[in-house]
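Colleague: kindly generate the corresponding structure for this input.
(chains A, B and C)
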Amino acid sequence: MNVGIIWFRNALRLNDNRVLVECLNSTNSQTILPLYILDKSDLEQNNNENKIKFLYESLIDLDANFKAKFGSNLIVLNGKSKDIFRKLLDSDLLDLSEIFTDYSNKPDDIENENNLKSILAENASVKLHLISKVNSLTNVQEVVSQENFKPPKTMKDMEKLFSNLYPKDEDGFYSIDKPLEIPENSKPIYENSSEIIKDYLFDVKKELSLLEKDSKSYFKGGESEAIIRLERKVSSEEEYIRNFRKPRTISTNKPENPLEPETTGLSPYLSFGCLSPRLLWKETEKCYRNGEHTQPPESMHGQLMFREMFYILSRAVENWDSDTNNSMCKKIEWGDFDKSKMELWEKGQTGFPYIDAMMRQLDATGWMHHLGRHAVSCFLTRGQLWQHWEQGRDVFDRKLVDADWALNNGNWLWLSGVAPFSMPYFRLYNPCPDGKSSLNVEAKNAEFVRYWVPELKDYPSKYIFEPHLAPTPIQENARCIIGKDYPEPMVDRKVVAKENLAKFKASLATLK
DNA sequence: GGATCCGTTGTAGCT
DNA sequence: AAGCTACAACGGATC
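Modeller: Model (predicted):
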């Protein structure tokens, strides 16, 4: 019996999963074998616990849904994918014919893929299918190899690109593909693999139980959770979706539930592939069809188009995740790696309550408000600390539950000011937002800072963003002396901002 | 080909 | 208190 492997990688779901559909439709495989492969030591080294927890929960959910639908468990293995595939190929017990997985251009995935290809080269009868349009709305390989392709840098570019690929219908909506239904299984599951791969079997439930319990991690992983949240935050919130505008959705988290984001909170589900971007697009479109709605770049569809832009760019631009030999990254003379600066920033001990609140939220929950991301990345790089964007990128990658290689690198390129996006380098975010700042919705409600920086909970709002300016009696009254109970600002923000602006300008001049 | 416009989301100070 | 202006001046696309 020929076996076709469904190798789940970045799409931990059954809905709108082309990998699943293609495998079940293939005439070359008579039985199927669903696999997920992780490398525990690698996973633990590069991800904090919130992310690992989210992954385990997603795998448990996928397993349960797969079992309910297809009558068999998902097989989760711990090891190097090349060793595992070698084992499967060498076994006499299993007649492997095809491997189906989702297309990815993440460096780790490409490395694993290349290893697999070299193994398969010795077994010409086994075919590897890389399925496109699983986690993106477009076929990014096809898009970037088109003759007239130019890397998109603005929303206008993306609108042009979408108009060509998905001509608008009479109502003005792009003809994005319909999400795929979960297919009916017409094939038996290959049940005899456990003997072959027994050394690699990974007990997800057990591993999850070993993780720490006191995590503030807010999002629960899994497709089931994604579908519930999609319904709760999109489908049944039509007015919110139709009016969606990024700058106007800044707000502190609700006092009664400080961990729940004001925005949809769907990003972790997108990055783990628990949710199809196509499904989110179409649910949003349903809301749009009922009345007036915002337009890109600010609208919900606009957000998904930016996501798509980064997927395309990360494939088109060599060395997307590096500042070397990256055609979209200006090489700025960043300061040498400064361990103490990085630690203060990462631990939320900079002495800037807004920055510290955001960084502590990131550490505790794995999530941060998008404008917080702007503020802390600007602060770390061109704004105040003059540290290399790659350092901040690494921290975000390790801690953000919604970290996505293409998006995370793209956003750091953008916010640090090195990419040719619309971010004039002199436009800095104020780490101490006051009532006049565009961040003022957040600033007016200082509860956010009080929750995450409880040392300052008794400070009057007037001083909460720059507590070192509070007169001594006020500090004493709030039982938090700056310099003793909460740090002094680690830099004079205005002085360093001015210096950094000059350095950035000087660096740019040498590039001309 | 030089001028002008525009870009998902700036800030500070003044009236 | 909302709105204007200055700040300092990017870089690619378009006219």
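Colleague: CA atoms for contacts and neighbours, from now on please.
Modeller: Noted.
Colleague: from DNA strand B, how far off is A:Thr294?
Modeller: 11 Å (Cα to the nearest atom of the strand, to the nearest Å).
Colleague: hang on, that residue packs against A:Tyr240?
Modeller: No. A:Thr294 lies out of contact with A:Tyr240 (Cα atoms under 8 Å); the separation is 10.3 Å.
Colleague: which residues are in contact with both of those two?
Modeller: Contact with both A:Thr294 and A:Tyr240 is made by no residue, according to Cα atoms under 8 Å, 6 or more residues apart in numbering.
Colleague: contacting residues around A:Ile227?
Modeller: Counted by Cα under 8 Å, 6+ apart, A:Ile227 has contacts A:Leu275.
Colleague: can you tell me the helix or strand for A:Gly410?
Modeller: helix A:405-415 (DSSP states H and E).
Colleague: what's the average pLDDT for that helix?
Modeller: Mean pLDDT, helix A:405-415: 93.
Colleague: got a list of contacts for that helix?
Modeller: Helix A:405-415 is contacted from outside by A:106, A:307, A:310-311, A:313-314, A:320-321, A:329, A:374, A:377-378, A:389-390, A:392-393, A:396-397, A:419-421, A:423, using Cα under 8 Å, 6+ apart.
Colleague: and it, how far out from the chain middle?
Modeller: Per Cα atoms, centre = their mean, to the nearest Å, the displacement of helix A:405-415 from the mean C-alpha position of its chain is 10 Å.
Colleague: now A:Glu238: how far from DNA strand C?
Modeller: 27 Å.
Colleague: of the contacts of helix A:405-415, buried ones?
Modeller: Buried by 16 or more other Cα atoms under 10 Å: A:106, A:307, A:310-311, A:313-314, A:320-321, A:329, A:374, A:377-378, A:389-390, A:392-393, A:396-397, A:419, out of these.
Colleague: packing partners for the longest helix seen in chain A?
Modeller: Counting residues, the longest helix found in chain A (DSSP state H) is helix A:49-70. Contact analysis of helix A:49-70 by 3 or more Cα pairs under 8 Å, 6 or more residues apart in numbering; DSSP states H and E lists helix A:204-210, helix A:223-230, helix A:389-399 as its packing neighbours.
Colleague: show the subsequent helix or strand relative to the second one.
Modeller: Following helix A:223-230 in sequence order, the next helix or strand is helix A:238-242 (DSSP H and E).
Colleague: what comes into contact with that following helix?
Modeller: So helix A:238-242 is contacted by A:Val234, A:Thr284, A:Cys287, A:Tyr288, A:Gly291, A:Glu292, A:His293, A:Thr294, A:Ser299, A:Met300 (Cα under 8 Å, 6+ apart).
Colleague: the third one: how many residues sit nearby?
Modeller: Counted with other Cα atoms under 10 Å, the burial measure for A:Cys287 works out to 20 neighbours.
Colleague: compute the distance between it and DNA strand B, please.
Modeller: 19 Å.
Colleague: make sure that residue is indeed in a helix.
Modeller: Yes. Checked against DSSP: H, G, I helix; E, B strand; the rest coil, A:Cys287 lies within a helix.
Colleague: let me know the pLDDT of it.
Modeller: pLDDT at A:Cys287 comes out at 97.
Colleague: wait, it sits on A:Ser235?
Modeller: Yes. The criterion here is Cα under 8 Å, and A:Cys287 meets it with A:Ser235 at 7.0 Å.
Colleague: show me the shaky parts of the stretch 151-300 of chain A.
Modeller: Applying pLDDT under 70 to the stretch 151-300 of chain A picks out residues A:214, A:247-256.
Colleague: all helices for the stretch 151-300 of chain A, in order.
Modeller: Along the stretch 151-300 of chain A, counting by DSSP state H, counting those that start in this stretch, helices occupy A:155-165, A:194-197, A:204-210, A:223-230, A:238-242, A:267-271, A:277-288, A:300-316.
Colleague: got the angle between the longest one and helix A:405-415?
Modeller: Looking back up the chat, that one is helix A:300-316. 100 degrees (axes from the mean of the first three to the mean of the last three Cα atoms, to 10 degrees).
Colleague: can you check the first one too?
Modeller: In terms of direction (the same axes, to 10 degrees), helix A:155-165 departs from helix A:405-415 by 150 degrees.
Colleague: so helix A:155-165, near DNA strand C or not?
Modeller: No. Shown here: helix A:155-165 not in contact with DNA strand C (Cα under 7 Å from any atom of the strand), separated by at least 8.5 Å.
Colleague: just the C-alphas of that helix, formatted as PDB.
Modeller: What follows is helix A:155-165, C-alpha atoms only, in PDB (Å, rounded to 0.1, in the frame of the first residue of the first chain):
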ATOM      1  CA  MET A 155      -0.200  49.700  -0.400                       C
ATOM      2  CA  LYS A 156      -0.700  51.100  -3.900                       C
ATOM      3  CA  ASP A 157       1.700  48.500  -5.200                       C
ATOM      4  CA  MET A 158      -0.200  45.800  -3.400                       C
ATOM      5  CA  GLU A 159      -3.500  47.000  -4.700                       C
ATOM      6  CA  LYS A 160      -2.100  46.800  -8.300                       C
ATOM      7  CA  LEU A 161      -0.800  43.400  -7.600                       C
ATOM      8  CA  PHE A 162      -4.100  42.100  -6.200                       C
ATOM      9  CA  SER A 163      -6.100  43.700  -9.000                       C
ATOM     10  CA  ASN A 164      -4.000  41.700 -11.600                       C
ATOM     11  CA  LEU A 165      -4.200  38.400  -9.700                       C
END
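Colleague: buried residues in it?
Modeller: For helix A:155-165, a neighbour-count test (16+ other Cα under 10 Å) marks A:Met155, A:Met158, A:Glu159, A:Leu161, A:Phe162 as buried.
Colleague: and which of these is nearest to A:Leu93?
Modeller: The closest of the buried residues of helix A:155-165 to A:Leu93 turns out to be A:Phe162 (Cα to Cα; 47.2 Å).
Colleague: for the closest residue to the closest one other than its chain neighbours, name its beta-bridge partners.
Modeller: Of all residues not flanking A:Phe162 in the chain, A:Tyr174 sits nearest, at 7.1 Å (Cα to Cα, 6 or more residues apart in numbering). Applying DSSP bridges to A:Tyr174 yields these beta-bridge partners: A:Lys168.
Colleague: show me the contacts for the closest residue to A:Pro467 other than its chain neighbours.
Modeller: Leaving aside its sequence neighbours, A:Pro467 sits nearest to A:Ile482 (Cα to Cα, 6+ apart; 7.0 Å). Each residue near A:Ile482 by Cα under 8 Å, 6+ apart is listed here: A:Pro467, A:His468, A:Gln475, A:Glu488.
Colleague: ok, the third one - how many residues close by?
Modeller: Using other Cα under 10 Å, A:Gln475 is surrounded by 21 other residues.
Colleague: so which strand or helix has it?
Modeller: helix A:472-477.
Colleague: mean neighbour count, the helices of the stretch 151-300 of chain A: which tops it?
Modeller: Comparing those by mean neighbour count (mean count of other Cα atoms under 10 Å), helix A:267-271 comes out on top with a mean of 23.
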